[in-house]
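**Student:** Give me a model of this one.
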Amino acid sequence: MRKPAKLEAVLEALELQMNEFSYFLDLRTGKVIAVLREHLRAAEEGESFDHLYEWQWEAIQTAIDIEVNFEHYAALPGKSDINEYQTMEDFCFTIQSDKDRTRLPDAIQGKGAFRRFQSAISSL
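**Tutor:** Numbering: from 1, shown residues only. You can find the predicted model right below:
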């Protein structure tokens, strides 16, 4: 059974991303998980983990679980994958109200688009 994620946790993970980590949403628990890319690579390649310290085992087990049970995880996009303007534009066309759905795309045109978009959204 899928458990809903807290939007706050997902947004925090997207904002605080570090290059050496990949971020996943565990669809079973709704929790965001950060995993070292080095551990994911090792799990994917089936490397031996005998040389690791005990405190590293939990992280490795998580990486292995992601590799083996990938259907239970959703990879979060990296910072370079996120196009903020495209996200705003896509959102505009999901609005149910015809009036707002036509007004929002106008708000994101030209200089100051992010400020106008924020203002327009808060008035919905």
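
**Student:** domains for the chain, by residue range?
**Tutor:** 7-79, 83-122 (automatic domain parsing).

**Student:** and these, which one is worst for confidence?
**Tutor:** Lowest mean pLDDT within the domains of the chain: domain 83-122, a mean of 81.

**Student:** so what's the closest residue to Ile95 other than its chain neighbours up against?
**Tutor:** Sequence neighbours aside, Arg101 is the residue nearest to Ile95 in space, at 4.4 Å (criterion: Cβ to Cβ, 6 or more residues apart in numbering). Where you see a C-beta, it was placed from the backbone N, CA and C, and this is true even at glycine. Contact partners of Arg101, counting by Cβ atoms under 8 Å, 6 or more residues apart in numbering, are Cys92, Phe93, Ile95.

**Student:** can you pick the most crowded of the residues you listed?
**Tutor:** Counting neighbours by other Cβ atoms under 10 Å, Cys92 leads these with 20 neighbours.

**Student:** Can you report how many residues lie near the closest residue to that one other than its chain neighbours?
**Tutor:** With sequence-adjacent residues excluded and distances taken as Cβ to Cβ, 6+ apart, Cys92 is closest to Leu104, at 4.0 Å. For Leu104, the neighbour count with other Cβ under 10 Å is 22.
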